[in-house]
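Provided below for reference: sequence and predicted model.
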Amino acid sequence: MDHTELLPLTTDAAGERRAAAEIDEVDLTPVRTYWQLVRRRFLQHRLATIALFLMAILVTAAVVIPLATGDAFGRTDLTLINHPPSLIAPLGYDNIGINIFIRLMAALQTSLMVGFMAVTIIVVVGVSVGAIAGYVGGVVDNLLMRLVDVVLSVPSFFLIVMLVAFFQTGNMWVVVIAIGVTGWTTAARLVRGEFLALREADFVQAARALGVGHRRIILNHMLPAALAPVIVAGTLGIADSVVVEATLSFLGFGIQPPNASLGNMLTHAQDYVFRNPILIYYPGVLLVLVVLAASFLGDGLRDALDPRQRLEA
Amino acid sequence: MADHQASGEQSLLVVEDLRTHFATADGLVKAVDGVSLSIRHGETLGVVGESGCGKSITALSIMRLIERPGRIVSGSITLAGRNLLDVSDAEMRDVRGDSISMIFQEPMTSLNPVYTCGDQIEEAIAVHRDVSRREARDRAVEMLAQVGIPDAKRRSGEYPHQLSGGMRQRVMIAMALSTNPELLIADEPTTALDVTIQAQILELMKALRERNRMAIMLITHDLGVIAEMADDVVVMYAGKVVEASDVMNVFERPHHPYTKGLLASIPRLGEKRERLEVIKGVVPNPLNLPSGCLFKRRCPSRMPICDVAPPFQEIAPGHVSRCWLTPAGEPPEVGMAPAEDVAIEAAEALSVAS
């Protein structure tokens, strides 16, 4: 039989279709696309919706305000020391005459950037390692998972401190990479576990029986199904990374003044904790908001993306 | 079946002495141990047997989809003159889904939940054919219509979870047939469906078989399905073929006690009987197979000679059975030399050609 061309089909399909329509009860539910379903499910999750809204505000503020105010986040004006709030300084000025609100937004920008970049590294490395380990299995799986064990056995925070101190203290990219190379292990384990299960899944077997290649099976068939836990891990990873960056900066290993980060603002505020305690709350509350928003976002996305969970119409 | 022996060369698929073993922690499991069968163009071969007798492993071996710790140890699988055990992995991928397609038992989970039905059929086409997206899409809709899905264009945009089990199996069939395969392996295609839907799917497969002139290897434990669909039947037990013939012989003149047992355990309308016959016992543990005949522990006609592995004897033209009973079903004469291994091998070699 010649396989280079598709054989023409006979044209009595219409009659058959009619016959089949009589057999199968026709219950045409309105067709919704995958993303419409995801959106519906996400919006039903009230906390996640609020978190998304909050995250959108935070990200927008962190992008727009530093862009509009340029280098104002580091400019001191000695005539405005401890000046009370006003229209251009909603939170007033601190004890060296810096506009607190503008500095806070610059700090938020740094922290969010560190968070998102570090998570990008974590997800890319973690998913690649986990997918290969889970799909190939055997010796490869064993080697990669022992590598994960090695990375996990090193206290990650001290490794980060060491990396940052060794390379270039104060450089944001060093912080990002240090968090990334120590943080990918959880994602790798999650994806490996999903892949081990998915490798046996009927639809993966069916794809193999159709002659689909390895790359396509991994990328098109297994990855989408394995994505839900990665997304959750990723969004939680944002929260973690922001906290780690703040901790590093608080200890003096992370972002250095005059650059702003939530961590070094806390350090600064600590020095005035008795005279002006409110200075601690601004970066502190912002940190909590970022972490909460990221966590609830992850929760909502997990519920919404899970393709196995059917929406009750 | 008269041309059974002569038709060897016209066979589409010839499996000879296939052995697929699994090296488990508890020992070597010979899931498929010397299976031979052949399928001619356009023929439907039924493969019957209880759970765990090696039917599905035979099918997966033909597709070369056996994974660790399993391994095809020996044998040959010849599709249209080419031994599939010799081709590279990449060539094998071209065979899968193109010359041979397979449909699975579980339509509920065999479709990828994150793609629409249309997307998945398109992929099946795009993997093997150099067609544009649009052509693939048109073909996918045609295929859905061909398998009797109403409003095919619209349905092609739906996700598997929006379809019923019967509908999903139709989509699976559409996918499998979208490249006009010469051989369709159907592994218990109707087991997970309820009875009315089963009948529809079988009707559909029959119609498509005629239209596409393809051969079907139908794996099932349901003898009703075999009677409905198959031309030839292979009965498997504990990794071996125990009886093979055309469907009439198997149903009307079964020879092997296992086949007889299977047939006796089907309830029949109009027959007054207190209890349904069953085959006593269970399939032997593959790690601890009996010596001699594998069925002897459960066999009602067990004889002393059954401690020696029975030969594959041709009891009638085109009808072979792995049992010591004579073609007439009598115990063999005492003194028939069981040690004549040469004769046994010759008998097996003969059966391979069938």
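Ah, there it is. Every value quoted in this text rests on a predicted model; they were computed, and no experiment measured them.

what's around A:L292, how many residues?
Using other CB atoms under 10 Å in any protein chain shown, A:L292 is surrounded by 16 other residues. In short, each C-beta sits where N, CA and C put it, glycine included.

do B:L111 as well
Neighbour tally, B:L111, other CB under 10 Å: 26.

where does it land in three-state SS?
coil (DSSP: H, G, I helix; E, B strand; the rest coil).

ok, it touching B:M167?
No - applying CB atoms under 8 Å as the test, B:L111 and B:M167 come out as separate, 10.2 Å apart.

check which helix or strand covers the closest residue to A:V161 other than its chain neighbours.
Distances taken as CB to CB, 6 or more residues apart in numbering or on different chains put A:F253 closest to A:V161, at 5.4 Å, once the chain neighbours are dropped. Of the helices and strands defined by DSSP states H and E, none includes A:F253.

In contact with A:F253, which residues?
A:161, A:164-165, A:169 (CB atoms under 8 Å, 6 or more residues apart in numbering or on different chains).

Name the nearest residue to B:R64, ignoring sequence neighbours.
Closest to B:R64 by CB to CB, 6+ apart is B:M92, at 5.2 Å.

right, and the one you found touches B:L85 too?
No - applying CB under 8 Å as the test, B:M92 and B:L85 come out as separate, 9.4 Å apart.

which neighbours do these two share?
B:R64.

residues contacting B:A126?
B:133, B:136.

same thing with B:N112?
Counted by CB under 8 Å, 6+ apart, B:N112 has contacts A:203, A:207, A:221, A:224-225, B:120, B:160.

now swap in A:V38 and tell me
So A:V38 contacts A:304-305 (CB under 8 Å, 6+ apart).

State the next helix or strand along the chain beyond the helix or strand where it lies.
For A:V38, the enclosing helix or strand under DSSP H and E is helix A:34-44. Downstream of helix A:34-44, the first helix or strand assigned by DSSP H and E is helix A:46-69.

List the buried residues for whichever helix or strand A:R215 is part of?
Here A:R215 sits within helix A:214-216, counting by DSSP H and E. Of all the residues in helix A:214-216, not one is buried under the rule 16 or more other CB atoms under 10 Å in any protein chain shown.

pLDDT of it, averaged?
Per-region confidence: helix A:214-216 scores 88 on mean pLDDT.

Quick check on B:I219: phi, psi?
With angles defined as degrees, to the nearest 10, B:I219 sits at phi -100, psi 130.

can you tell me how far it sits from B:A186?
Using CB to CB, to the nearest Å, we find B:I219 at a distance of 7 Å from B:A186.

between these two, which one's more packed in?
B:A186 (28 against 25).

Within the helices and strands, which one has that one?
strand B:183-187.

Can you identify the element that follows that strand toward the C-terminus?
Next along from strand B:183-187, by DSSP H and E: helix B:195-212.

Need the pLDDT of A:T110.
88.

and it, what does it touch?
A:172, A:245, A:255, A:259-262.

Ok, A:V243 next?
A:V243 neighbours (CB under 8 Å, 6+ apart): A:287, A:291.

what mean pLDDT does the host helix or strand of it have?
Using DSSP H and E, A:V243 sits in helix A:223-251. For helix A:223-251, the mean pLDDT works out to 84.

ok, now stretch B:42-61?
89.

what's the offset of it from the middle of its chain?
3 Å (CA atoms, centre = their mean, to the nearest Å).

Tell me if that stretch is near chain A.
No - applying CB under 8 Å from any CB of the partner chain, one finds stretch B:42-61 separated from chain A by no less than 8.7 Å.

ends of stretch B:288-305, how far apart?
20 Å (CA to CA, to the nearest Å).

List the contacts of that stretch.
B:30, B:237-238, B:240, B:242, B:256-258, B:261, B:279-281, B:284, B:306-310, B:322-325, B:331-332, B:336, B:338.

Now, the residues you listed that are in strands?
Among those, the ones falling in strands (DSSP state E) are B:30, B:237, B:240, B:242.

dump the residue contacts of the last one.
Contact partners of B:V242, counting by CB under 8 Å, 6+ apart, are B:235-236, B:256, B:258-259, B:295, B:321-323.

ok so, going back, and the helix holding A:R215, how far out from the chain's middle?
For helix A:214-216, the distance to the chain centre is 25 Å (CA atoms, centre = their mean).

what's the answer for stretch B:180-187, then?
11 Å.

re earlier: buried subset of the contacts of stretch B:288-305?
Of the contacts of stretch B:288-305, these count as buried by 16+ other CB under 10 Å: B:30, B:237-238, B:240, B:242, B:256-258, B:261, B:279, B:284, B:306, B:308-310, B:322-325, B:338.

who in the stretch 51-200 of chain A is up against chain B?
Residues of the stretch 51-200 of chain A lying near chain B (CB under 8 Å from any CB): A:137-138.

ok, back up a step: which of the contacts of B:V242 sits closest to A:S128?
B:M236 (42.7 Å; CB to CB).

what sits against the closest one?
Counting by CB under 8 Å, 6+ apart, B:M236 has contacts B:35, B:47-49, B:53-55, B:58, B:242.

pLDDT of stretch B:276-292, averaged?
pLDDT averaged over stretch B:276-292 gives 81.

Pull out the buried positions in it.
Applying 16+ other CB under 10 Å to stretch B:276-292 flags B:279, B:283-284, B:286, B:290, B:292 as buried.

Could you tell me how many residues sit around residue 203?
Looking at chain A here, since you left the chain open. 24.

if you could check chain B rather than the one you did, that'd help
14.

Could you do B:L269 as well?
4.

likewise A:V127?
Applying other CB under 10 Å, we find 23 residues neighbouring A:V127.

Before we move on, what's the pLDDT of it?
92.

swap in A:P283?
The model's pLDDT for A:P283 equals 87.

Just the element for it, please.
Applying DSSP H and E, one finds A:P283 within helix A:278-305.
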